[in-house]
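> starting from these lines, generate the structure:
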Amino acid sequence: MSALVLTTASKITCPHQGTAILKTSNTSAKVGGAYALLVSDVHNVVGCPFMIGQKYSPCKTIEWSQGAQDVKVGGTAVLFINSIGKCLSPENSTQGVAIKQPIQTVGKAQ
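Here you go, the predicted model:
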């Protein structure tokens, strides 16, 4: 089974609609003209409005697991639509799972 690769052109948000800033350490592999994201990448989140009671608790970063098994860049798995991104608070508490839109329609991983 194959799935779309996530790239710097993808749209990724936290569950509260904060936007992930998509930067990657990958400087060699592109899909549809944009760099493929790696499972080791950590993305900052901006604009998350999440509150816990009266306390502002925005998602600050997204950390990834479950990269592609068969597609790697420099030995590191690329992210694909089935990868799981944990959205973390400033205290590193998980506040949900990232919402992903891959954008491109080519470049699939397994």
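
> now do the same for residue 4: helix, strand or coil?
strand (DSSP: H, G, I helix; E, B strand; the rest coil).

> so what touches stretch 29-40?
5-10, 22, 24-27, 64-67, 71, 73, 76-79, 83, 103-107 (Cβ atoms under 8 Å, 6 or more residues apart in numbering). Backbone N, C-alpha and C define where each C-beta goes, glycine included.

> tally of neighbours for residue 75?
Using other Cβ atoms under 10 Å, residue 75 has 6 neighbouring residues.

> before we move on, what about the one 10 residues further on?
Close neighbours of residue 85, defined as other Cβ under 10 Å, add up to 28.

> ok, residues contacting the helix or strand containing it?
Secondary-structure element containing residue 85, defined by DSSP states H and E: strand 84-88. The contact list for strand 84-88, computed with Cβ under 8 Å, 6+ apart, reads 12, 14-15, 18, 20, 43, 45, 48, 59-66, 94-98, 100.

> would you map the helices across the chain?
For the chain, applying DSSP state H gives no helices.

> thinking again about what came up before, mind checking which of the contacts of stretch 29-40 land in strands?
Counting by DSSP state E, the part of these found in strands is 64, 65, 73, 76, 77.

> how about stretch 63-82 as CSV, C-alpha atoms only?
Taking C-alpha atoms only, stretch 63-82 is exported to CSV below (Å, rounded to 0.1, in the frame of the first residue of the first chain):
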residue,chain,number,x,y,z
GLU,A,63,7.0,15.7,16.6
TRP,A,64,6.6,12.7,14.2
SER,A,65,6.5,8.9,14.3
GLN,A,66,5.9,6.3,11.6
GLY,A,67,7.9,7.4,8.6
ALA,A,68,7.8,5.5,5.3
GLN,A,69,9.3,2.0,5.5
ASP,A,70,10.8,1.9,2.0
VAL,A,71,11.6,5.6,1.3
LYS,A,72,14.5,7.2,3.1
VAL,A,73,16.7,10.3,2.6
GLY,A,74,20.2,9.8,4.1
GLY,A,75,18.9,6.8,6.1
THR,A,76,16.0,8.8,7.6
ALA,A,77,12.4,7.9,6.7
VAL,A,78,10.3,10.4,4.9
LEU,A,79,6.9,11.5,6.2
PHE,A,80,3.8,10.4,4.4
ILE,A,81,0.1,11.0,4.9
ASN,A,82,-0.2,8.1,7.4
